[in-house]
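> Please work out how this folds:
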Amino acid sequence: MTKKFLANGLPVLIGSLPLRDHAEGVEMVFKYTPEIPLWVQLPAYREEGMIAQFQPEFPGLTLKKDKYFVDTSDPSFDNDILQFYEDYMAVNEGELGIEDSIFAIKADTARGFFSFMEHLRSLSDHPLAIKGQITGPITFGLGLTDQNGKAIFYDEQLRDAAVKLLAQKARWQVKKLLSFGSPIIIFFDEPALAGFGSSAMISVSRDEVATCFKEVVGAVHDEGGLAGIHVCANADWSLILESDADIISFDAYSFFDKLMLYSDQVKQFIESGGILAWGIVPTLNSDDIEKETVESLVTRWEAQSTALEALGFDKTAILAQTFITPACGTGSLPLDLANKVLALTRQVSDTLRKKCGFGT
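Numbering: from 1, shown residues only. Here you go, the predicted model:
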């Protein structure tokens, strides 16, 4: 946990949108969340997929038959990974600026970031905060495989390289965005954590997950940013609540009751200044999006917040440590439903803030 930040019920988005135009994405973001804007990821472009967007410069990365994998059998691999660690050490010891290193994110996989930066430069006033995001180490490590189809997470050396790659790319984002004078928030997107404890992840240990989180969250903190972990499904929430993350982002629409199974840890997290990114606006099911209204979602949030009131917090204090968010990104939705999700997020936030005396 790092410096205190009051969320005050403001709306924040999750990165993906169902668009093909990054400038249009920037426009949507600033229409609905100008106080805490983010850069957009457009999954319509293959290079902006969760793994593809952040895999460049991973040692041994190979493309064959339209598929990327890490080829540890290639004769050049040993030299590649040695060079990777040399670059990492040079950045970490201050011998090489991160903006000039292999860890700098490039426009060919993150056009949304650079469109966002361009728009930020045009603003006369700084946003209250600025949000970025990156794929988390568990999801990245389980999503990228070696030449035998084995997830790199299960190779200790490759897992360490993945964690360091993501930690440095998160640091790079913080450093670039801090130039605009606002606090920086970086979310690590971890959909794979929904499988923790299942047969698919039986050999992934708690200690391994905790070690991964400690390094990537620590990198954001070291650069002066706030770190969040986003899981848009059910999970073993103790893994996240016991981490050093400042913000827990969750699908409150579908899984609030699952989070509250860990009520003691939730209480401790809030008492220590942690923020809940309360995903009260549905994104998973089109029928849910179509049927919900501002009023129904405000009522839902108020009903859920009583569980936290039972832990000793009053409603205004709860909202002070809450962001109102969609349950997940909207990149796979039809555009009209994505627009409704963003509008609901804004309007639910405005309504709750007004009720609790934070204004609009």
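> Please report how far Leu178 lies from Arg111.
21 Å (CB to CB, to the nearest Å). No exception for glycine: its C-beta is placed from N, CA and C like everyone else's.
> Give me the more crowded residue out of the two.
Of the pair Leu178 and Arg111, Arg111 is the one with more neighbours under other CB atoms under 10 Å, namely 21 against 15.
> How about that one, nearest residue that isn't a chain neighbour?
Nearest non-adjacent residue to Arg111, counting by CB to CB, 6 or more residues apart in numbering: His22, 4.8 Å away.
> Tell me how many other residues crowd Asp336.
11.
> Could you do Ala104 as well?
Using other CB under 10 Å, Ala104 has 18 neighbouring residues.
> Could you check how far it is from Cys328?
According to CB to CB, Ala104 stands 28 Å off from Cys328.
> residues near Gly274, how many?
Residues near Gly274, counting by other CB under 10 Å, number 18.
> which residues touch it?
1, 245-248, 321 (CB atoms under 8 Å, 6 or more residues apart in numbering).
> ok, now how distant is it from Val163?
Gly274 is 22 Å from Val163, by CB to CB.
> sec struct for the most centrally placed residue in the chain, please.
Geometric centre of the chain, nearest residue: Phe187, 2.6 Å, by CA atoms, centre = their mean. Three-state call for Phe187 (DSSP: H, G, I helix; E, B strand; the rest coil): strand.
> dump the residue contacts of it.
Shown in contact with Phe187 (CB under 8 Å, 6+ apart): 14-15, 131-134, 227-230, 247, 249, 277.
> what's the answer for Ala192, then?
Taking CB under 8 Å, 6+ apart, one finds 136, 138-139, 142-143, 201 in contact with Ala192.
> Just those residues: which are in helices?
Counting by DSSP state H, these place 138-139, 142-143 in helices.
> Highest neighbour count among those?
Sorting these by how many neighbours each has (other CB under 10 Å) puts Ile138 first, at 29 neighbours.
> Might you report the residue contacts of that residue?
By CB under 8 Å, 6+ apart, the contact list for Ile138 reads 153, 190, 192-193, 196, 204, 209, 212.
> Could you report the separation of the closest residue to Cys232 other than its chain neighbours from Thr283?
In space, not counting the residues next to it along the chain, Cys232 is nearest to Cys328; the distance is 3.4 Å by CB to CB, 6+ apart. Taking CB to CB as the measure, Cys328 falls 5 Å from Thr283.
> any residues in contact with both of the two?
Among the neighbours of Cys328, those also in contact with Thr283 (CB under 8 Å, 6+ apart) are 14, 232, 251.
> Helices - which of those land there?
Using DSSP H, none of those sit in helices.
> Just the buried residues of these.
Neighbour counting over those (16 or more other CB atoms under 10 Å) leaves 14, 232, 251 as the buried ones.
> Please verify my assumption that the last one contacts Cys328.
In this case it means Asp251. Yes. Counting by CB atoms under 8 Å, Asp251 touches Cys328, with 6.4 Å between them.
> Right, I'll leave it there.
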